[in-house]
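Colleague: Just the structure for this:
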Amino acid sequence: MVRFGAWKNVTFPDLRSALRTAKVRHRGVRRKSEGGIDITLRNVSDQDKARETILRELPDLELTDVEGDTPDRVLAHLSQRAKDELSEFALEQNITALRNRIDELGVAEPVVQRQGDRRIVVQLPGVQDTARAKRILGRTATLEMMLVDEEHNVDSAVSGSPPPGSRIFHMRDGRPILLKNRVIYSGDNIVDAAASIDTQTGGPIVSITLDAAGARINQRVTGKNIGKRMAVLYIETRSKIKTDAQGRPKKGPQGRVLRTSQRVEDVITAPVIRDQLGKRFQIEGLDSVTEGQDLALMLRAGSLAAPVEIIEERTVGPSLGQANISQGFRSVVIGFALVLIFMLIYYRTFGLFANAGVGVESGTDGRRFICVSGDTNPPGRCWHRAARGYGSRCQRFNI
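Modeller: Residues are numbered from 1 along each chain as shown. Presented below is the predicted three-dimensional model:
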């Protein structure tokens, strides 16, 4: 199921731009659950103008009636058509991203196919490290580059409220850090990523290569902010099992374990910009080499458009093929014995001779034996057909 969070970066700038063009001043635009938007206006008289602007400039949004006497608020939500299109886009993009990630794992002849409206089936023949494969497939990690807000005190923001245009995040060691809301560029601008070891510090690093648009943005922003800090924000959506008061997993109507998505955001590093950067740079501050390798793999393969959950896992080993062989052999023996019994009961003496001939036929050409024993009597014709069917079944069985 698609969680409607990816649309925020697309709809919010368009909405703010449309309101600014229409000269509608507002105190803030907040995102609500399942595709809702709450706009708080500065002037009550601008409500009609704001509603007209939304309907005209943003056809994917529909207006919602506000409960109570709140003329300074405008509520809107994504239309059902927009939600369906977003779900379709997210599913197709997830399939592409999963294929890219599997290619990076080096699995031979994988299968990634859509099943219904919300599910994706992935088959990984011959995969060795299943734990890493599950971790890579299910993670929705990405990066965002943001400038550190050094004009305001982070301790004051933590004890009170962050200043407009900034948010409080945390470093991996728990220290708070104040970042500006504006995202300079994200993982979508990354075309290549490679994990390695820093020869000077001995710690893991990831070398990043940006596309042309990302390189221009990086060059312009870092050139104007030399001496300031730029943070690398790591964003990951993790799946968590819902539990009751006793800590037991909650289950739905069909017995499935209920899960919830948890968004984790932490700052990997926030170095000082020493010089103007271009299309290549390095990320430090990673916990381990494995984390660097996984992060580089996901950045190369592309981020998932929506969180995914592994709802069913099956391991098919070589024992399944041996089981099929044993069952096939058993069915042939049982069928063969039933035919022998039928021939003996129905044809009696001739059936006895025919059964005896089958014993010889098992080591010789069946059709030649039947010709010798006579193909004009009913038992002979019966075994002639049985021999043909038996030979055909064995051929398919070997294939």
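
Colleague: Every contact and neighbour count from this point should use C-alpha atoms.
Modeller: Noted.

Colleague: Reduced to three states, what does L91 come out as?
Modeller: helix (DSSP: H, G, I helix; E, B strand; the rest coil).

Colleague: dump the residue contacts of T201.
Modeller: Counting by CA atoms under 8 Å, 6 or more residues apart in numbering, T201 makes contact with nothing.

Colleague: wait, is it part of a strand?
Modeller: No - read with three-state DSSP, T201 is coil and lies in no strand.

Colleague: which other helices and strands contact the one helix or strand R51 maps to?
Modeller: Following DSSP states H and E, one finds R51 within helix 47-57. When contacts are defined as 3 or more CA pairs under 8 Å, 6 or more residues apart in numbering; DSSP states H and E, helix 47-57 sits against helix 8-21, strand 61-64, strand 73-78.

Colleague: Next, give phi and psi for A296.
Modeller: Dihedral pair for A296: phi -60, psi -40, per degrees, to the nearest 10.

Colleague: if we can go back for a sec, the helices and strands packed on helix 47-57 into TSV, with extra columns for mean neighbour count?
Modeller: Shown next, in TSV, are those (neighbours: other CA atoms under 10 Å):
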stretch	mean neighbour count
helix 8-21	14
strand 61-64	18
strand 73-78	21
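
Colleague: pLDDT at T260, what is it?
Modeller: T260 carries a pLDDT score of 74 in this model.

Colleague: Give me the distance between it and Q115.
Modeller: The spacing between T260 and Q115, counted by CA to CA, to the nearest Å, is 22 Å.

Colleague: For the chain, which segments count as strands?
Modeller: Ranges of strands in the chain, per DSSP state E, are 26-32, 36-41, 61-64, 73-78, 111-115, 119-123, 142-148, 166-170, 176-186, 190-197, 204-210, 230-241, 259-269, 280-283.

Colleague: Which one, of those strands, ends up nearest to L344?
Modeller: strand 119-123 (49.6 Å; CA to CA).

Colleague: Show me what counts as buried in that closest one.
Modeller: Buried residues in strand 119-123, counting neighbours by 16 or more other CA atoms under 10 Å, are found at 119-120, 122-123.

Colleague: Around G174, how many other residues sit close by?
Modeller: 10 (other CA atoms under 10 Å).

Colleague: out of the buried residues of strand 119-123, who's nearest P253?
Modeller: After measuring these against P253 - CA to CA - the closest member comes out as R119, at 18.5 Å.

Colleague: between the helix holding R51 and strand 36-41, what angle do the directions make?
Modeller: 140 degrees (axes from the mean of the first three to the mean of the last three CA atoms, to 10 degrees).

Colleague: Give me the angle between helix 47-57 and strand 73-78.
Modeller: Using the same axes, to 10 degrees: helix 47-57 against strand 73-78 is 20 degrees.

Colleague: pLDDT on helix 47-57, on average?
Modeller: Mean predicted lDDT for helix 47-57 stands at 83.

Colleague: Make residue 1 into 57 and carry on from there
Modeller: Understood, numbering begins at 57; the last thing we discussed is helix 103-113.

Colleague: I'd like to check the angle between it and strand 82-88, please.
Modeller: Using the same axes, to 10 degrees: helix 103-113 against strand 82-88 is 50 degrees.

Colleague: Buried residues in helix 103-113, which are they?
Modeller: 103, 106-107, 109-110.

Colleague: quick one: L353 and N156 touch, right?
Modeller: No - using CA atoms under 8 Å as the test, L353 is too far from N156 to be in contact (9.1 Å).

Colleague: Name the residue in those two with the higher neighbour count.
Modeller: A direct count of neighbours by other CA under 10 Å for L353 and N156 places L353 higher, at 22 against 16.

Colleague: who's in contact with that one?
Modeller: Contacts of L353 by CA under 8 Å, 6+ apart are 157, 160, 249-250.

Colleague: From these, list just the buried residues.
Modeller: Counted by 16+ other CA under 10 Å, these give 157, 249-250 as buried.

Colleague: Could you find the lowest-pLDDT member of the residues you listed?
Modeller: For these, the pLDDT minimum is R157, 81.

Colleague: Grab the nearest non-local neighbour of that residue.
Modeller: Setting aside the residues directly before and after it, R157 is nearest to A357 in space (CA to CA, 6 or more residues apart in numbering), at 5.3 Å.

Colleague: Pick out the residue nearest the middle of this protein.
Modeller: V364 (4.4 Å; CA atoms, centre = their mean).

Colleague: coming back round to it: let me have the buried residues of strand 175-179 in TSV, adding distance to R72 and pLDDT as columns.
Modeller: Shown next, in TSV, are the buried residues of strand 175-179 (distance: CA to CA, whole Å; pLDDT from 0 to 100):
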residue	distance to R72	pLDDT
R175	34	85
I176	35	86
V178	40	86
Q179	44	85
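
Colleague: ok, back up a step: now do the residue nearest to the centre of the chain, the pLDDT please.
Modeller: 75.

Colleague: how close does it sit to Y290?
Modeller: 18 Å.

Colleague: same deal with V328?
Modeller: V328 is 18 Å from Y290, by CA to CA.

Colleague: now R404
Modeller: R404 is 82 Å from Y290, by CA to CA.

Colleague: can you pull the buried residues of stretch 122-142?
Modeller: Neighbour-count burial for stretch 122-142 [16+ other CA under 10 Å]: 127-135, 138-139, 142.

Colleague: can you list the residues that contact it?
Modeller: By CA under 8 Å, 6+ apart, stretch 122-142 touches 91-100, 103, 106-107, 116-121.

Colleague: Format the CA atom coordinates belonging to stretch 186-196 as CSV.
Modeller: The C-alpha trace of stretch 186-196 is given here as CSV (Å, rounded to 0.1, in the frame of the first residue of the first chain):
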residue,chain,number,x,y,z
THR,A,186,19.4,-13.9,2.3
ALA,A,187,19.6,-11.5,5.3
ARG,A,188,21.4,-8.9,3.3
ALA,A,189,19.1,-9.4,0.3
LYS,A,190,16.1,-8.8,2.5
ARG,A,191,17.7,-5.7,4.0
ILE,A,192,18.6,-4.2,0.6
LEU,A,193,15.2,-4.9,-0.9
GLY,A,194,13.1,-3.5,1.9
ARG,A,195,15.1,-0.3,2.7
THR,A,196,13.9,3.0,1.4
